[in-house]
Every structure is written in structure tokens, then in C-alpha cells.
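Undergrad: Sequence and predicted structure are below.
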Amino acid sequence: MAWLDRIFTRRRRQRCFGPVPSWARFRLRPACRQLSEQEHRMQELLGLVVPPRLTMADEELAILIEPAERRAIEKE
Amino acid sequence: MPLPSTRELRHEHFRQIYMSERSRRESIRSSIGTPVSAISFSVFALGNLLVQFDASRLGEPAAMAIAVLATTSVVVLLAAVHQVFMVEWLFVHHEAPRLPDLMEAEERMRAVMGEDEVAAGMMDLMTASYSIAFEQHLWGNTVSARSRTWALRLVLLSLTFLAAAFLLLPFHLMG
């Protein structure tokens, strides 16, 4: 009855954090890399012990991308 | 009243402008309604023009001018529709770190810097997060606002061509 779930629920039964579908990973890779670069620049600028780790939210997929998933997308 | 430190000022500044940029996103989103309404009106007006247009007299100057103006209007209108699509196309939000990530960072700071520096370090970490999220939202909003503005301009241009075609219509109907 998954098709009914897709029609009648606003949000499909999916995990809110990843996994990001393979067809969307290529599209998201530049955004992930840009964000990681910014995080490292901020770490250097403020002399932080750890870089800030922001969460990305993709509206097209209605999915949240946590930092670990982001790193996995960047490495592919 | 003691003045806030520069660290606190930075933090508060970036937190505020990040929040404003988030609100701006919603106002850009809701303002798409204006060009969309204008596009709907243009389509209706084009339909009216086509009903009254006699294509069998396309060789006449007035008919030819109307055809050219109406075609240009349609092309410009399609460009406006494209811009409306681009306002919301592939938008990625950037949000502040989650609590587990913050807790992990706090533990690392405690181990490396000592207990006294943890609060200041966390404030800097949050300032950096707000700053990045702000920049990303600002960039995304700027792109969206540009598309929205162009959509509006193109719709106005399309309506101008349409108005010119309607001005020529009496001469076409007279002949």
C-alpha cells in the first residue's frame, strides 16, 4: 500500500536524514563541496577546534542531508 | 550597563541577519504570485485577440503587424514562465548544526581547550554557522529575486506587445 501512502500523506514514510538517491547525488555534489569549503574557511578564520557542521535541506527531495552524508556525497 | 564583547556582537549580528534572510526567502516565494497572475491574464488576453483575428488576411500590413506582435508576446511570455520556474528551482537550504553535532563539538573543545574556553568556543562555532547559513541564504535569495524580477519585467514586456497588437486590431477589423 505504499502508493496510497504517496497519495494521502503529505510527507512520505522516509527517513528524514538520507540516504540521498543516487540520481540526485551528482546534482548535490557542488553544493556539498562549497559548503564544506566554507566550513573549513570559517574554522581557519576563527581558529575553531572543529569546523561548524551545518545541515543541508533539499526541497526537491524533501530530505535533510547531515554532515556525514554530505562527506560521502563529496567523495564519490 | 556593560557593553557586549565583540564576540557577542558578532554572534548577535550574524544570528539576526540569518533570521532576516530566512524571512526574506518566504517573502520572495509569496511574491511569485504577482507575475503568475499577470501570466494568466496575458494568456486570457491572447485568447481574445486570436478569436478576433482573421488569419486569411495575413498579407495586409495591420494583420502582419498584429501577428508579429502577438508571436513576440508569446515568446516573451514563455521566457517569463521559465523565470518563474527558476525562482524555486533546486533550492537547497542551509541550517544551523544539530544538537548531536554541537554536543560532539563541545566535547572536543573541552578536551582541547579546557572548560574555561568552551563557552567562548561554542559561541564562535555558532557565529560561524550563522555566517555560513546567512551567506548561502543570501546567495540563494539573490538568485531567486533576480528570477522573480525578470519574470515581472518579461510579463510587462509581453503585455506591452499585446497592448500594441490590440491597438492595431480595429484597423485590421475595419479593412
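TA: In hand now; what should we look at?

Undergrad: And residue A:53, how far from residue A:73?
TA: Residue A:53 sits 14 Å away from residue A:73 when distances are taken as CB to CB, to the nearest Å. Where you see a C-beta, it was placed from the backbone N, CA and C, and this is true even at glycine.

Undergrad: Could you list the paired strands of the worst-scoring helix or strand of chain B on mean pLDDT along with their orientation?
TA: Scoring the helices and strands of chain B by mean pLDDT, DSSP states H and E places strand B:92-95 at the bottom, with a mean of 88. Taking DSSP bridges as the criterion, strand B:92-95 forms sheet pairs with strand A:55-58 (antiparallel).

Undergrad: show me the contacts for residue 76.
TA: Using chain A. A:25, A:29 (CB atoms under 8 Å, 6 or more residues apart in numbering or on different chains).

Undergrad: actually it's chain B I care about, not the one you picked
TA: Taking CB under 8 Å, 6+ apart, we find residue B:76 in contact with B:154, B:157, B:158, B:161.

Undergrad: In PyMOL, select just the buried ones from the residues you listed.
TA: Those of these that count as buried under 16 or more other CB atoms under 10 Å in any protein chain shown are selected in PyMOL with:
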select buried, chain B and resi 154+157+158+161
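
Undergrad: sorry, back to before: what's the average pLDDT for the helix or strand immediately after the least confident helix or strand of chain B in the chain?
TA: Where DSSP states H and E defines the elements, the next helix or strand beyond strand B:92-95 is helix B:99-113. The average pLDDT within helix B:99-113 is 93.

Undergrad: Quick one: list the elements packing against helix B:99-113.
TA: Helix B:99-113 sits against helix B:115-174, with contacts defined as 3 or more CB pairs under 8 Å, 6 or more residues apart in numbering or on different chains; DSSP states H and E.

Undergrad: touching chain A at all, the helix it packs on?
TA: Yes. Shown here: helix B:115-174 in contact with chain A (CB under 8 Å from any CB of the partner chain) through B:121, B:124, B:125, B:126, B:127, B:128, B:129, B:131, B:132, B:133, B:135, B:136.

Undergrad: Can you tell me which of these is nearest residue B:69?
TA: residue B:136 (42.5 Å; CB to CB).

Undergrad: With adjacent residues omitted, what lies nearest to that closest one?
TA: residue B:94 (4.1 Å; CB to CB, 6 or more residues apart in numbering or on different chains).
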